[in-house]
Each structure stands twice: as structure tokens, then as C-alpha cells.
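# Sequence first, predicted model second:
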There are 2 protein chains.
Amino acid sequence: MTEKRNVKADRLRSFIASAFRACDMPQYNAARMAELMTEADIGGQDGHGVFRLPQYIGRIRAGGMSVDPEIKIISERTATALLDGGNGPGHLVMSRAAELAMEKAKTCGVAWVGARYSNHAGPAFLYARMPLARNMIGLYVAVGSANHMPPWGGTDLLLSTNPISVAIPSNTRPAIVLDMATTVAAYGKVKTAADRGETMPEGWMIDKQGQPLTDPRRSGEGLLLPIGGPKGYGLSLIFGLLAGTLNGAAFGKDVVDFNADPKATTNTGQFVIALDIAAFADVEAFKTQVDEIWEEMKSSALLPGVDAIRLPGERLAATTAERQANGIPIPQALGARLDALADDLGIDRL
Amino acid sequence: MTEKRNVKADRLRSFIASAFRACDMPQYNAARMAELMTEADIGGQDGHGVFRLPQYIGRIRAGGMSVDPEIKIISERTATALLDGGNGPGHLVMSRAAELAMEKAKTCGVAWVGARYSNHAGPAFLYARMPLARNMIGLYVAVGSANHMPPWGGTDLLLSTNPISVAIPSNTRPAIVLDMATTVAAYGKVKTAADRGETMPEGWMIDKQGQPLTDPRRSGEGLLLPIGGPKGYGLSLIFGLLAGTLNGAAFGKDVVDFNADPKATTNTGQFVIALDIAAFADVEAFKTQVDEIWEEMKSSALLPGVDAIRLPGERLAATTAERQANGIPIPQALGARLDALADDLGIDRL
């Protein structure tokens, strides 16, 4: 078991903001980055929060990502927009996209906002969840920031996990928040396993001979497996075309491996949809129905050996409550990397 | 191997239309039903075309489905609408929904049209593909017409396959058309396997003890398995909330098993999204890029034992071409059921 220490959310936010400030990121942007990255950690997405900070900083310092992007609308209809993210952090670009989508959906009922020249934006749930506060449903899809999956039956790394998140508000129960990769495991999980010195279960990756690969340190030779075989491949392809190609963003062989190359512009593509519940239903009645569906699933009889049914978003809510109270666990290896980063940037250690 | 005979598409269309006409369905509706159901068969969706005719007719005769529904818009914004399908066949309701979505997307860029009081609509690809002719991308999601899946870890049948289809136009290659259930196998495939006297592969279904179930005649005791375990369960739940609950349609325990009960109003929910490519990109350039992605996937090196990479929509295009030329294979058992139906309705046999 790896040693860990717990860090309070406020402290983590301030550390992240300082790190970006030390790279000349404007105050507002640094605060927004810190807020969203900490939200990722609070929500339990350990591979997508502060874990990524050294990499983001590395990219900024190598000239591969802008700290003060001009985020522009380059085409627009009443219910759609395409943003040019100005090669800024995905967090800033997709926050803006979600805001715009919500504004448009308020009148149109639905809006779809895509982005090109964005970057890795952390966990998908951050953006799908934004519309909840306005009684809207949120959907978010991204082209993953490195190709780790071949087309079904192949070995060339042409596809990414291309994650999707959908968030649906409830009344007294936690919101339903699905956040999933189209692969059996997200690549962030592989990195976390490597970091923890753990072995991967069979079924996450195969090698180019089709044999199971379970050592996360060998992940560079491996191929992520899609969920449902050809179905997950199909989903990944579709999401890549919608979040990448349609937006004029990279997809397929054009995707830059942001783990390996800190300098090249990634031209990451994502999109967010906001759907106004009031365009279809009475908002309170709908949210109560979501509660009822929650209870209905929970009340199912169980398969032998299963202790409880879980709902998408349930662990997110529980982890959020726990970490808001007790802080965010930082494994030793990550802590050491963050200390080295702090020393390098001349800021206080975490 | 079951004996089959091939029937030309024109003949099949005319047979289906006659069957509905014999049940007092208006001319236009019967022709539309015949067209879409035959399109399902031509596309190779053997469990969702004429295979369903006896069931549809049974429902109409039992008073469970209207032959002349009043399809009404019950709420509307510039980019959304909610239809009441008047308990008509899903084919008629969702054709109308797709038309309306395309009309709205032409100005708004995107549109989302949901329906309640609809019925089984055949294969999802029919409606996702409609926007292609107008240089739009189509997405379609339905609440399945019978619950065959429990929440992950449970045994109560609270979820359906809740299929999704997405269609993206290309230039010289076949359109990309994903049409998939959120389960490893659609229930239609289970029925087809039973009809053919085939055994199901392990992984399609389990029994309530969690043991593999491979005899399709025992499917009534079985639970369909979701793709990617909890991920497919999550997708099915989300799609059910969006296509069912949000539209005021049935989801969860309220879903009527239309295989078992021909009389009760199913209140089936579906939705369709049309996305206008021109709101984001130059249409011809985009379609050419889709061709390039197609080629890119095709050119991947292969895993040992694999003969070729396939794209979603490739088999659909190939089967369509083949069946347009040679007709639609009707297995003996299905042929006998259709003959009995024809005799019963007093129309010419197929």
C-alpha cells in the first residue's frame, strides 16, 4: 500500500493557482483552473485533477499551451456555436462552451457548442454537471488527448478513450452523473495504477499479439480495449468525428500524444450540449421522477454476492462529501512530484 | 441450417402495406410503414423488419396501437419539440419527429425532438439516417419496448436495451452509421436466434443466479448483460431517462412488455437529434474528411487472425446493396408465420 497524506481542498486550490501564476497565467484563469482541477480531485477522479498539474505546467513552459488564450466564437447559429480555444487549457475553453450552451438553451431549448484548439480539460463530469444548476441536462464529449486504442481488430493507435459524460438533475437524491470512457479503462486509470505500483486487471489492455497486458509500466506497448468490443470502438469513432472532425479539431492519426509531446499544439476537440428540462417537462416533477427511478434501481433484488445497486453519480457524491470533510489523499509518488514542481517554480510546497 | 427463400423488396413492401390496410390503416400510413419496415429488412436488421409484422398487427387488433394516430406537438421551442404520438406506430411518430428536427436544425443548427405515446419503431438506424440526405448528422435513442436487463448487480428487469444510433454522412464511402444496443446483444437477436434454433454465445445473458444462459428458448428467465458492465448499465439508464422520463414516456417498471401484452398502451419514448453540419464546417470538406477517417481505420495493421477492419455502417451498406439486388431472405419459420397472418387477414400470401 502506498503512503498517502490528505490535503484540504482550499490548500490544494491555492497550490494549483500559485503554480499557474508562477507561469504567468492571469489571475482569473489561474483561479478557474485551480477550482476545476480541485473539483476533479474532490470528486474522486484521481487521474484527472492535480495529478495532471506537472504535465500542464510542462506544456505551458514548453510553449505548447497558452496561459491567456483568446477564446473566440468562429461560427454561430441560435442553438449552436463553434469556439476556437486559442490553444488554452481545456478547462477554460469548455467552461466558456458550457456557459454559452446554457445561455442558448435557455431560449432555444437545446444548444450544442463545439470547440477546436482546446486542450485536455480534466474529467468529463465537470462540464456535463455545469448545466445542472440551471435545471438543465448536460452532455459532454471529448477527443481523448492521446491515442491508446486501435480500431476493432487492428493494432494502429488511431483512437482514444473519447469519454462521454451526461448529468441529469434529481431532487433529493444525488444527481445522476455518468462519466465514462469508451474503453474498459480510461488511460488515466492506467497511469494511476502505474503510480501506485499496482497490476492492471486482464481486459484493460492487450499487446499487439492480442495477449493480455497487465503491467501498467508496459502500457506504451499496449492497446486499450473498447467496451463491448466493436460497440465501444463504434462509440469512440462516432464521438471522435463529432468532437474532433466536425469542429475542425484533431482526430485519428492527427491526435498529438500530450503525454509524450509537451510542445506541439494538440488542437483538442470537445463539445457540450445543454438541454433545458422546462422545454419538455415540469422541472420539479421531472426531478422527483429521477428520484423515483433512483429508488427503483436501488430496490432491485440482487445477484448472489452483490451488496448493493449503485447509480452513476452516487460514488461521485459520496466521495465529494468525504473529501470536502477530510481532504484529498495525495499518494507519496505524486506528492514527491508536486514538491519537485513547487521547488522548480519557486512556490510553497503543498 | 434453416431453409430460406428470398423475397424482392417491392413484393415485401406491398405485402406489409396490404396487411396494415386489412386492419383499416389509412393508405398513407400503411405505405410509410411498409417502406420503413422493408428498409429495416434491406439493411439486414432481421429482428426489426417484417419479423415484427405479426406482433404489430396483433397489437392493432387487440386495440393496443392506433392505425390513424393524431401526432401532436405538445410543447415547442425554436430548437426542441415534444410530440404526443397518439399511440401510433413508432415508425410514423419518429418519422415525423425526424422531419421536425431537420426543419428546426436548418435554422437553429441543432434540434432535439422527443416523443411520448409512441410505440416500437423498428431499428434505430432508420431515424438516425434520415438527416443524412440534408447534410445533417442524426442521433436517435429509444426506450426499448420490453425490459430485459437489471441494474448492474441486480436481477429485477427494470431496464431495456435502450438502443442508440448515430449517422454521419461521408462523400464516396458509405455513411458511418452506428446502431447499437447498450446490451451485449439486442433482444431482437435473441428472438432471431430462437427462431433459427441457434444457441446464444456466453456473455449475452445470465440467469438470476449469475450463471450463463445460452438457450434462447429460456430467454424469459434470463437477464441481458450490458456492454462494459456498469458502463452499459449507466448508458441504458441515461438513455432511458432522456428518451422516456423527460418526454413523459414510460421508463423503468412502467415499461410494458410489448412481447407479452398486446393491449396495454406502451407509452414508448424516443428522441431524435438533427445537427446541421454547415453550422460547424464546410459540408463537402467535412464529408471528405469522414472518407479519410474511413480509410485511416481501414489501413490499420491487424491483430493476428483478423481479416479486415470494419466501419460502423459498412455491413449495412453491403447488405443493402446485396438485398436490393437479390431480395430479402425469409427463414422458413418466419415465412410460415407470415402465411398464417396473410390467411387470417384475407390477403395474398407473401
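Arrived safely, thanks for sending.
# dump the residue contacts of the most far-flung residue of chain A relative to its centre.
Distance from the centre of chain A peaks at A:Pro304, with 33.5 Å (C-alpha atoms, centre = their mean). Taking C-beta atoms under 8 Å, 6 or more residues apart in numbering or on different chains as the contact definition, A:Pro304 lies against B:209-210. For every residue, glycine as well, the C-beta is placed using N, CA and C.
# On the three-state scheme, it is what?
Under DSSP: H, G, I helix; E, B strand; the rest coil, the three-state class of A:Pro304 is coil.
# Likewise for the one 5 residues further on?
The three-state assignment at A:Ile309 reads coil, by three-state DSSP.
# Likewise for A:Met200?
Strictly by three-state DSSP, A:Met200 counts as coil.
# For it, grab phi and psi.
phi -80, psi 150 (degrees, to the nearest 10).
# Give me the pLDDT value at the nearest residue to it once chain neighbours are set aside.
Spatial nearest neighbour of A:Met200, excluding adjacent residues (C-beta to C-beta, 6 or more residues apart in numbering or on different chains): A:Thr214 at 4.8 Å. A:Thr214 carries a pLDDT score of 95 in this model.
# again with A:Lys189
pLDDT for A:Lys189: 83.
# same thing with A:Thr2?
60.
# hey, which helix is longest across chain A?
In chain A, with assignment by DSSP state H, the single longest helix is helix A:90-108.
# The next helix or strand after that one pairs with which strands?
Downstream of helix A:90-108, the first helix or strand assigned by DSSP states H and E is strand A:110-118. Strand A:110-118 sits in its sheet next to strand A:80-84 (parallel), strand A:268-276 (antiparallel), going by DSSP bridges.
# Out of those strands, which is the most enclosed?
Most buried of the strands paired with strand A:110-118 by mean neighbour count (mean count of other C-beta atoms under 10 Å in any protein chain shown) is strand A:268-276; its value is a mean of 29.
# orientation of that strand relative to helix A:90-108 in degrees?
Strand A:268-276 and helix A:90-108 are oriented at 30 degrees to each other (axes from the mean of the first three to the mean of the last three C-alpha atoms, to 10 degrees).
# Now the element after strand A:268-276, going C-ward?
Using DSSP H and E, the helix or strand that directly follows strand A:268-276 along the chain is helix A:283-298.
# Would you mind listing the outside residues contacting that next one?
Residues external to helix A:283-298 that are found in contact with it (C-beta under 8 Å, 6+ apart): A:135, A:168-173, A:176, A:277, A:280, A:308-309, A:311, B:151, B:154, B:158, B:237, B:240-241, B:245-246, B:251-253.
# Which ones among these map onto strands?
Of those, the ones assigned to strands by DSSP state E are A:168, A:176.
# Okay, domains of chain A per the record?
A:1-61+A:314-350, A:66-183+A:226-299 (automatic domain parsing).
# Can you give me the first-to-last residue distance of stretch A:64-84?
Its first and final residues considered, stretch A:64-84 spans 16 Å by C-alpha to C-alpha, to the nearest Å.
# buried sites along that stretch?
A:64-67, A:69, A:71, A:75, A:77-84 (16 or more other C-beta atoms under 10 Å in any protein chain shown).
# just stretch A:189-208 next, same as before
A:189-196, A:200, A:204-206, A:208.
# what sits up against that stretch?
With C-beta under 8 Å, 6+ apart as the criterion, stretch A:189-208 contacts A:2, A:46-47, A:51, A:148, A:155, A:183-185, A:212-219, A:221-225, A:331, A:333-334, B:301, B:303.
# what about the helices in chain A?
So, for chain A - with DSSP H - the helices run A:9-21, A:27-42, A:53-61, A:90-108, A:125-128, A:187-196, A:230-243, A:283-298, A:314-326, A:332-345.
# highest average neighbour count across those?
Each of these was assessed for mean neighbour count using mean count of other C-beta under 10 Å. The highest is helix A:125-128, with a mean of 28.
# Can you name every helix or strand that that one contacts?
helix A:27-42, helix A:90-108, strand A:136-142, strand A:164-168, strand A:176-180, strand A:268-276 (3 or more C-beta pairs under 8 Å, 6 or more residues apart in numbering or on different chains; DSSP states H and E).
# Dump these into TSV; add mean pLDDT as well.
Output for the helices and strands packed on helix A:125-128, formatted as TSV (pLDDT from 0 to 100):
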stretch	mean pLDDT
helix A:27-42	98
helix A:90-108	98
strand A:136-142	98
strand A:164-168	98
strand A:176-180	97
strand A:268-276	98
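# Let me have these in JSON lines, extended by distance to B:Lys8.
What follows is the helices and strands packed on helix A:125-128, written out as JSON lines (distance: least, C-beta to C-beta, whole Å):
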{"stretch": "helix A:27-42", "distance to B:Lys8": "58"}
{"stretch": "helix A:90-108", "distance to B:Lys8": "45"}
{"stretch": "strand A:136-142", "distance to B:Lys8": "41"}
{"stretch": "strand A:164-168", "distance to B:Lys8": "41"}
{"stretch": "strand A:176-180", "distance to B:Lys8": "44"}
{"stretch": "strand A:268-276", "distance to B:Lys8": "42"}
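# my read: A:Phe280 touches B:Leu246, true?
Yes. With contact defined as C-beta atoms under 8 Å, A:Phe280 and B:Leu246 form a contacting pair (5.1 Å).
# Which residues are in contact with each of those two?
A:286, B:114.
# which one of the helices and strands packed on helix A:125-128 lies closest to A:Gln324?
helix A:27-42 (6.2 Å; C-beta to C-beta).
# Are there helices or strands packed against the closest one, and which ones?
Here helix A:27-42 touches helix A:9-21, helix A:90-108, helix A:125-128, helix A:314-326, strand A:328-331, going by 3+ C-beta pairs under 8 Å, 6+ apart.
# Show me how far the second one is from its chain's centre.
Think helix A:90-108. In terms of C-alpha atoms, centre = their mean, to the nearest Å, the centre of helix A:90-108 is found 16 Å from the chain centre.
# How about it and chain B, any contact?
Yes. Counting by C-beta under 8 Å from any C-beta of the partner chain, chain B is contacted by helix A:90-108 at A:107-108.
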